[in-house]
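*Asks:* Here is my input, please return the structure:
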Amino acid sequence: MFTARIAVHPSTDLPGTLLQLDFAGNRFMFGRLAEGTQRALVSRGTKLSRVRQIFLTGQTSFVDQMGGLPGLLLSAADQGLPRLEIFGDKNSAWAVATLRHAVFRDSISLTVRHATQDIANEFMTVVPVALGPSQHTAHDNKPLDEYITGIINDMFPRAKNKRASPDTKNDGFDEIAYAAKRFSKDQLIRAPDVAASRQPHGGPAISYIIQPHSVRGKFNGKKADELGIPKDSTRISIINGNPFTLPDGRIITTDMLLDPDQYIKRIIYLDMPTLAHFNHAKSKNWLADVPSQQEHKNGMRTNVDLFDRLPSSSSSSSPRQTPAASVIIHQLGPEVQPFSPEYIEFMKRFGPDCEHIIGHPDYIPDAISHTRSAQLNAALRLVSPDNFNQLYTAPAKCQIPRQYLPLTSTTSSSQPQQQQQQQLTAIPLITGIAYRVKGSTVVESTASEFAQDALTNYANVADIQKDLLADIMVRAPDLAERIKISQDKYYKRQQRRSMQPYAGDVNNNSSSSGSDSDSELAAAGLPKDKKAFGNVSIIAVGTGSAVPAVYRNVIGTIVQLPFYEPPNYKRTYWKNVPFMTKSILLDCGESTVGNLARMFGPGPDGIDQKLREIKVVFISHMHGDHHFGLLSFVKARQEAFTRFRIQRLNQANSADTLPPDDSTLYLIAPQMAVGWLEEWEQLYPGLLDRVRFIDARFFLREQESPIYSPKFASVFSDMSQSLQMATVRTVKAVHCMDSYSVSIEFHNGFKLSYSGDTRPNESFVDIGKNTSLLIHEATMDDPLLADAIVKRHSTVSEALAVARHMNARNLFLTHFSQRYPVSPRFVASSAGERLSGLQNLREDRHGMFLLRNNNINIISKQEEAENWNRLLKLTLAYDGMIIKLKDMNKQGAWTDVLRFVFKNILTEPDDEPDELVVQGASPPNPPSGKNKNNNNNNNNNNKPRGAGVKRKRDGPGFANNDATVDAGDSKHVAAGSAL
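*Replies:* Next comes the predicted model:
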């Protein structure tokens, strides 16, 4: 028995597709591992430790084929996966090698191969089919291939690497320093097949024929009786392959006592980005004979270019079955129309019993990929609609013609004639479609159900919010009434804004209304005469650490800076907004572009506008959670400017004066970051045309040995003029090699400081003195100080102390550990009480400066603590948050809603059981002697893991007033008033 299911389908925030096959606990994946794939799988409780082989389809591309692979590799290794094989095109191994500066695990063995011929294992034979012009052939380069293989072995050195592996058990191990030592910073690896990627059609695209092995025929007792085989161990011996000679001299072999093998229909995964690939696919024999396991061992291979049948194997008396396909996945590019006459004829070649899953972008609903994260967003939007946009969703642009949809029991009874005449069955590609195959029969399928749902259901977020509010009204009517009051105020503000087209908001979704009072600006640390910066906004694209998780994506923060509109530009080009917005992106983790698209929607006024506004990107260091989204961001921004230029030319009159089109992107980062982009520029020509790079070391203080380059000085001059920057300073962070914190001061006095990943750092305090906005990591809560020291991160109280020493007025805490579903618990009644726990810093040489300052003793006084707590504007980051500086102290109203939602509605994803349990079968009993003490009290004792049992989890970031406090924190008072 095996199961085939669609694990991921393309959407705004996840552009890939994934087919998952499960055979007896062994998992095989086919498709494109785009950014966000790992998060989607983990959100559904998928165990990556079961994955044995990954088959990449299409063409090597980081944006929509391999962007999610780094996170998946790291997560699978951390879950205990010992070895993994990846198959793809000729550039796949090179693509993995480009991650050498950021990806390292010594617990897993990774092999990456070019899929050129049949790949057989104990469950199936996979036949790769390269679609593309036949005249293109990539030249073999054995030295280059061996060099790339050596790099991958150094990245994943488990067992097979004979060279000495680093001591990763040492708490001080730095994988970035290891990569810098093992691999040259400046040497770029040439892609083996660059010419293919630069062809008009993009080069060959790989598809796969998946042929499960036939099920061995059952023992036929009637045949054994007729042949006179004794009813004893003789029969078992024959079944095990030992010939038996009858008294009359006849020799009985195994196949003489077995029924014919049960043939299992194949699954075909077609990946055809262009019409050129489709035209080539029509010439292939997708129903070609696939050699059996024994034939494969004897050297036979599948030939999809021949339409002749292979002869039956001499080792088997069973006739060769006529090949057939049960399911075909059609992953199609925009120009390949699946219901054109030509394509319909192509699909009909596979017969009426084959089901076609259509993966064309026009036929797939743009549904939410991360449902639990969307539920959290809906809950936060209930109480603070100003700070959270409604996530974008959309139905499919086109519907599959009804005559091709599978017939349900209702339609088949009412339309018997159509049931007899239907020669083609097609459904849209949607996550959750599954087929369970037993023997040669599909015993269970969800295809028909999903096909009908796709016509009307696409996980509309508005419906999620309505259901959530209805649940709250039933369980907590007082809370529901408060939510209703909050929403009424929001809609009144929106109505007032619609009547004032020249209001001061940068974005319609940003919070608060009316003008900025002098007191508000002063509280935000802004000069009175610079009212434009009263609208400085923060967009939290991702707020987690390490790897994407259920409720938090990895880090990415945008700071939006409003500028006055030059008076000589026509207002029509700026949508009646009185400010031009220029933004700074601080770190760019995986799925940054996808999350922005989900937050703001597609189009020129959606994500394209946000991408165009970003003028500077700062990458703090080369850990994957801080930069794996950079390549996709640069490419998406480039495409947004291309669309913008076309739109302007179409709309402008000859007499119009167009505003300047400055698409320059300034990148401040370690040298490794631009080296990584330069390698991928081989496959994306022109990727860095508008990117101007400045090494982060250029801005170091004198005592930290900065580098000087006239080129960097020229770039900085242009950047400072574009964004009115006065100074930029970086310091080395206390985290890993080539990690930095930054502080940027503008000519109007506004100052922005960003910590990146670091322990408390006195040098960072020095450059960030009197900062207007401090964005600081708070990976761990205070009880995990020891872990923070080992992993070189900061705790919540340490971040607060850094803010105090900087005299920061606004503190934005982000980069929370994924162990906290939403945020660390607040177990102190004030920020001052939080700081009283800093005595534990004596264990660590970093952060001791926090104790040396006499102000710590002052803060310990309750009166001063309350005063500082009142002045500090503190905000905890949540994914999807949009907040202005003047609203940084308005988060406390969320407490009750978050507590309710996490207690009553949201749960952790159910993990898969250690052994796959067939639906309807009884789960295995627990071993004797275990769980004896729980048998009388736990009704779920005999359920497998994940069988509908809600798992306890950390709270929403605020401890309950009546909660029991850990012994180590007994001196603190449980409360949420720190916000």
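*Asks:* make it CA atoms for all contacts and neighbour counts henceforth
*Replies:* Will do.
*Asks:* how much space between Ala130 and Asp89?
*Replies:* Distance, Ala130 to Asp89, using Cα to Cα, to the nearest Å: 8 Å.
*Asks:* and what of Asp844?
*Replies:* 49 Å.
*Asks:* More neighbours: which of the two?
*Replies:* Shown here are Asp844 and Asp89; by other Cα atoms under 10 Å, Asp89 has more neighbours (24 against 13).
*Asks:* you'd agree the more buried one is up against Ser207?
*Replies:* No - when contacts are counted by Cα atoms under 8 Å, Asp89 is not listed as touching Ser207 (10.2 Å).
*Asks:* mind listing what Ser591 touches?
*Replies:* Contact analysis of Ser591 by Cα atoms under 8 Å, 6 or more residues apart in numbering lists 13-14, 35-36, 553, 629.
*Asks:* Over to Ala394?
*Replies:* Ala394 neighbours (Cα under 8 Å, 6+ apart): 365-367, 458, 460.
*Asks:* what's the closest of the residues you listed to Gln403?
*Replies:* Among the contacts of Ala394, Pro365 lies closest to Gln403 (Cα to Cα), at 19.5 Å.
*Asks:* Give me the distance between the closest one and Thr431.
*Replies:* In terms of Cα to Cα, Pro365 sits 11 Å off from Thr431.
*Asks:* coming back round to it: hey, what's in contact with both of Ala130 and Asp89?
*Replies:* 205-206.
*Asks:* hey, where'd the helices end up in the stretch 601-750 of the chain?
*Replies:* With DSSP state H, counting those that start in this stretch as the criterion, the stretch 601-750 of the chain has helices at 607-613, 624-627, 630-651, 671-680, 710-723.
*Asks:* Please identify the deepest-packed of these.
*Replies:* helix 624-627 (a mean of 25; mean count of other Cα atoms under 10 Å).
*Asks:* For that helix, name the packing helices and strands.
*Replies:* Helix 624-627 sits against strand 579-588, with contacts defined as 3 or more Cα pairs under 8 Å, 6 or more residues apart in numbering; DSSP states H and E.
*Asks:* for the next helix or strand after the strand it packs on, packing partners?
*Replies:* Going down the chain from strand 579-588, the next helix or strand is helix 592-600, by DSSP states H and E. When contacts are defined as 3+ Cα pairs under 8 Å, 6+ apart, helix 592-600 sits against strand 537-542, helix 607-613, helix 630-651.
*Asks:* Could you tell me the least trusted of these?
*Replies:* Set side by side, the helices and strands packed on helix 592-600 differ in mean pLDDT, and helix 630-651 is lowest with a mean of 91.
*Asks:* List of residues touching it?
*Replies:* Helix 630-651 has contacts (Cα under 8 Å, 6+ apart) with 62-63, 588-590, 592-593, 604, 608-609, 611-612, 661, 663, 677, 687-688.
*Asks:* Can I get that helix in CSV? Just the C-alpha atoms.
*Replies:* Extracted as CSV, the C-alpha positions of helix 630-651 are listed here (Å, rounded to 0.1, in the frame of the first residue of the first chain):
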residue,chain,number,x,y,z
LEU,A,630,17.6,38.1,-0.8
LEU,A,631,18.0,36.6,-4.3
SER,A,632,14.2,36.3,-4.8
PHE,A,633,13.8,39.9,-3.4
VAL,A,634,16.3,41.4,-5.8
LYS,A,635,14.7,39.6,-8.8
ALA,A,636,11.2,40.5,-7.7
ARG,A,637,12.1,44.1,-7.3
GLN,A,638,13.7,44.2,-10.7
GLU,A,639,10.6,42.8,-12.3
ALA,A,640,8.4,45.3,-10.3
PHE,A,641,10.4,48.2,-11.8
THR,A,642,10.0,46.7,-15.3
ARG,A,643,6.2,46.6,-14.9
PHE,A,644,6.2,50.1,-13.5
ARG,A,645,8.1,51.5,-16.4
ILE,A,646,5.7,49.9,-18.9
GLN,A,647,2.7,51.3,-16.9
ARG,A,648,4.2,54.8,-16.8
LEU,A,649,4.8,54.8,-20.5
ASN,A,650,1.3,53.6,-21.2
GLN,A,651,-0.3,56.3,-18.9
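*Asks:* what inclination does that helix have with respect to helix 592-600?
*Replies:* 50 degrees (axes from the mean of the first three to the mean of the last three Cα atoms, to 10 degrees).
*Asks:* re earlier: between the helices and strands packed on helix 592-600, which one is closest to Val796.
*Replies:* When the helices and strands packed on helix 592-600 are compared by Cα to Cα, strand 537-542 sits nearest Val796, at 17.9 Å.
*Asks:* Where does the residue nearest to Met806 when sequence neighbours are not counted sit: helix, strand or coil?
*Replies:* Distance criterion Cα to Cα, 6 or more residues apart in numbering; nearest residue to Met806, sequence neighbours excluded, is Lys769 at 4.4 Å. Following DSSP: H, G, I helix; E, B strand; the rest coil, the label given to Lys769 is coil.
*Asks:* Lys769 against Arg809, yeah?
*Replies:* No - at 10.7 Å, Lys769 does not count as touching Arg809 under the criterion of Cα under 8 Å.
*Asks:* Give me the more crowded residue out of those two.
*Replies:* A direct count of neighbours by other Cα under 10 Å for Lys769 and Arg809 places Arg809 higher, at 24 against 17.
*Asks:* wait, doesn't the more buried one sit right on Lys873?
*Replies:* Yes - using Cα under 8 Å, Arg809 is in contact with Lys873, at 6.0 Å.
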